[in-house]
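Peer 1: 3D model of this:
(one chain, ligands or ions: 1)
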Amino acid sequence: MSATPTRSCGTAAGPGDSDAVEAVSRLSPRLAAAVGALPLRPGHRVLEIGCGSGAAARAVAGLVGPDGHVLGVDRSERAVSRAIASSGELIRVGLLRFACTPVEDLVLPDDTPPFDVAVAIRVGAFDGRHPEVRDTALHRVRAALRPGGRFYIDSPSPGIALQEIVFDT
Ligand SMILES: C[S@@+](CC[C@H](N)C(=O)[O-])C[C@H]1O[C@@H](n2cnc3c(N)ncnc32)[C@H](O)[C@@H]1O
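Peer 2: Residues are numbered from 1 along each chain as shown. Alright, predicted model coming up:
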């Protein structure tokens, strides 16, 4: 699949809710910069690929809640177990969930509403470390997004947190 890195994003953004701001402030500077650069709005549905132990997903859930939703996926069962163990309340209220799957195998149930934003930070399928799965992974992400939905990965440029991947029409 053809997809092009375009705009870079590095500026903090997001609603001013104090709990959400506090959740972002607990992140590492690297993850805080990435989350802050996402074009999030309350009510957004966000897919995080390669969520690891879920720190960014939890912060994003605070930024899009209470009407939004975050799905974090990771191919590592251990990572997903840790993410679930650390996210009890957000999962209980339906703001956040996790699934163990490689992104290249990601197929959402038919009744899953599409996502507004997807993000993958330091995930080999997108950053060049695993070129053999990149096209399939991009197809899966595109299929999970609504028309006009946006996909971001970490930027190779120092001081720039994210770059947008734009799918060719
Ligand atoms: C370097 S860690 C980054 C974790 C987190 N995004 C961060 O930036 O702190 C990469 C994570 O992506 C997951 N991962 C790598 N390849 C993946 C794939 N093809 N599908 C889903 N998860 C993947 C790994 O299991 C790991 O948890």
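
Peer 1: Residue 44 is in contact with residue 117, isn't it?
Peer 2: Yes: using C-beta atoms under 8 Å, residue 44 is in contact with residue 117, at 5.9 Å. (Each C-beta comes from the backbone N, C-alpha and C, glycine too.)

Peer 1: So for these two, which residue has more residues nearby?
Peer 2: When residue 44 and residue 117 are compared for neighbours, residue 117 comes out ahead with 23 against 20, by other C-beta atoms under 10 Å.

Peer 1: I figured the more buried one hits residue 34, correct?
Peer 2: No: if you go by C-beta under 8 Å, residue 117 and residue 34 don't touch, sitting 12.0 Å apart.

Peer 1: Confirm for me that residue 45 is in contact with residue 69.
Peer 2: Yes: counting by C-beta under 8 Å, residue 69 is a contact partner of residue 45 at 4.9 Å.

Peer 1: Leaving out chain neighbours, which residue sits closest to residue 113?
Peer 2: Excluding its sequence neighbours, the residue lying closest to residue 113 (C-beta to C-beta, 6 or more residues apart in numbering) is residue 45, at 6.2 Å.

Peer 1: What helix or strand is residue 109 located in?
Peer 2: Secondary structure assignment for residue 109, by DSSP states H and E: no helix or strand.

Peer 1: Which pLDDT value goes with it?
Peer 2: pLDDT, residue 109: 93.

Peer 1: which phi and psi does it have?
Peer 2: The phi/psi pair for residue 109 (degrees, to the nearest 10) reads phi -60, psi 150.

Peer 1: Tell me, how many residues neighbour the residue of the chain found nearest the ligand?
Peer 2: Proximity to the ligand, evaluated over the chain using C-beta to the nearest ligand atom, is greatest for residue 50 at 2.7 Å. Neighbour count of residue 50, defined by other C-beta under 10 Å: 23.

Peer 1: any idea how far residue 104 is from the nearest residue to it once chain neighbours are set aside?
Peer 2: Leaving aside its sequence neighbours, residue 50 sits nearest to residue 123 (C-beta to C-beta, 6+ apart; 3.5 Å). For residue 123, the distance to residue 104 (C-beta to C-beta, to the nearest Å) stands at 11 Å.

Peer 1: Those two: who's more crowded?
Peer 2: For the pair residue 123 and residue 104, the greater number of neighbours falls to residue 123 (21 against 18), based on other C-beta under 10 Å.
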